[in-house]
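In: Could you work out the structure for the sequence below:
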Amino acid sequence: MYAFGLCETNMIERAEKQAQYSLELNEHDAWATHALTHVNEYMGQTSIGIKFLEKTEKQWRQCDVLSPHIDWHWALYELEQDNWEKQKKFFVVAF
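Out: The predicted model follows:
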């Protein structure tokens, strides 16, 4: 959660390092996943964001509270990539 706070205060590089460290300690840390999702979004790295969420989905999907919100971010990534059909499945899950 600290990493997300760093994102929200525009300390993107520190947020990225903190979130990665958090995931090294606990790969199921959905708050760290969420923070990295924001980092990739803020840096315009939607392709990297999509690959990250695909690779780590089994870990963060278990978090009932954040999982739909992470799906929402994933849908935004897909929209940025003009993947209109793919984004629909995430919006259905998120809402």
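
In: Show the contacting residues for the residue nearest the centre of the chain.
Out: Nearest to the geometric centre of the chain sits T37, at 2.7 Å (Cα atoms, centre = their mean). Counting by Cβ atoms under 8 Å, 6 or more residues apart in numbering, T37 makes contact with G49, F52, L53, I70, H73, W74. (C-beta placed from N, C-alpha, C; glycine too.)

In: Let me know the secondary structure of it.
Out: Of the three states, T37 takes helix under DSSP: H, G, I helix; E, B strand; the rest coil.

In: what do you get for I70?
Out: helix.

In: and if you look at N40?
Out: Once three-state DSSP is applied, N40 turns out helix.

In: Quick one: neighbours of K58, just the number.
Out: 9 (other Cβ atoms under 10 Å).

In: Could you check how far it is from I50?
Out: According to Cβ to Cβ, to the nearest Å, K58 and I50 sit 16 Å apart.

In: And for A32?
Out: 18 Å.

In: Looking at these two, which one has more neighbours?
Out: Between A32 and I50, A32 has the larger neighbour count (other Cβ under 10 Å), namely 27 against 18.
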